[in-house]
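Engineer: Sequence and predicted model, in that order:
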Amino acid sequence: MWGTSKNQTRLRFVQDSDEVLAALERTLADAPESERPGLRRALAVARAARLDEDTLRTRWLDARLASVAFTGDRDSVAAVRALREAEPTLSLTEAVSLLRPPKPDA
């Protein structure tokens, strides 16, 4: 989490797949020929499994809201309350921002 101003905080969702990819690439570089086909397949799967930030955010929200049994409209005050119940450290501004659909990059 990092703040862009006093009243606005942006959350960034990251995944550790870069580290996994780097480890697989290092292992592949040093692997004997007999192990290389399997490592190449593993590397291809790891690359294909990478998710964009919007997908990570959606999955995170799904899990947080499910943890407090919220199934209602995400565009509601109840959704904000549920998210803050699931993640008490979130400010009101952060919770509202997370529940809004992401704006397309300009």
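Structural biologist: Everything's here; your move.

Engineer: Is the residue sitting nearest the centre point of the chain within a helix or a strand, and which one?
Structural biologist: Geometric centre of the chain, nearest residue: L56, 2.8 Å, by Cα atoms, centre = their mean. Per DSSP states H and E, L56 falls inside helix 53-67.

Engineer: Also P88?
Structural biologist: Per DSSP H and E, there is no helix or strand for P88.

Engineer: pLDDT score for it?
Structural biologist: Confidence at P88, expressed as pLDDT, is 92.

Engineer: And the helix holding L56, what's buried?
Structural biologist: The neighbour-count check on helix 53-67 (16 or more other Cβ atoms under 10 Å) flags R57, L61, R64, L65 as buried. From N, CA and C alone the C-beta is placed, and that goes for glycine too.

Engineer: And the average pLDDT for that helix is what?
Structural biologist: pLDDT averaged over helix 53-67 gives 90.

Engineer: Following it in sequence, what is the next regular element?
Structural biologist: Next along the chain from helix 53-67, counting by DSSP H and E, comes helix 77-86.

Engineer: other SSEs contacting the next helix or strand after that next one?
Structural biologist: Counting by DSSP H and E, the element after helix 77-86 in chain order, helix or strand, is helix 92-99. Other elements packing on helix 92-99 under the criterion 3 or more Cβ pairs under 8 Å, 6 or more residues apart in numbering; DSSP states H and E are strand 9-10, helix 53-67, helix 77-86.

Engineer: Kindly calculate the angle that the last one makes with helix 92-99.
Structural biologist: So that's helix 77-86. Angle of helix 77-86 versus helix 92-99, following axes from the mean of the first three to the mean of the last three Cα atoms, to 10 degrees, is 110 degrees.

Engineer: Report the distance from helix 77-86 to the chain centre.
Structural biologist: 19 Å (Cα atoms, centre = their mean, to the nearest Å).

Engineer: list the helices and strands that helix packs on?
Structural biologist: helix 53-67, helix 92-99.

Engineer: Among those, which comes closest to L28?
Structural biologist: L28 sits nearest to helix 53-67 of all the helices and strands packed on helix 77-86, at 25.9 Å, using Cβ to Cβ.
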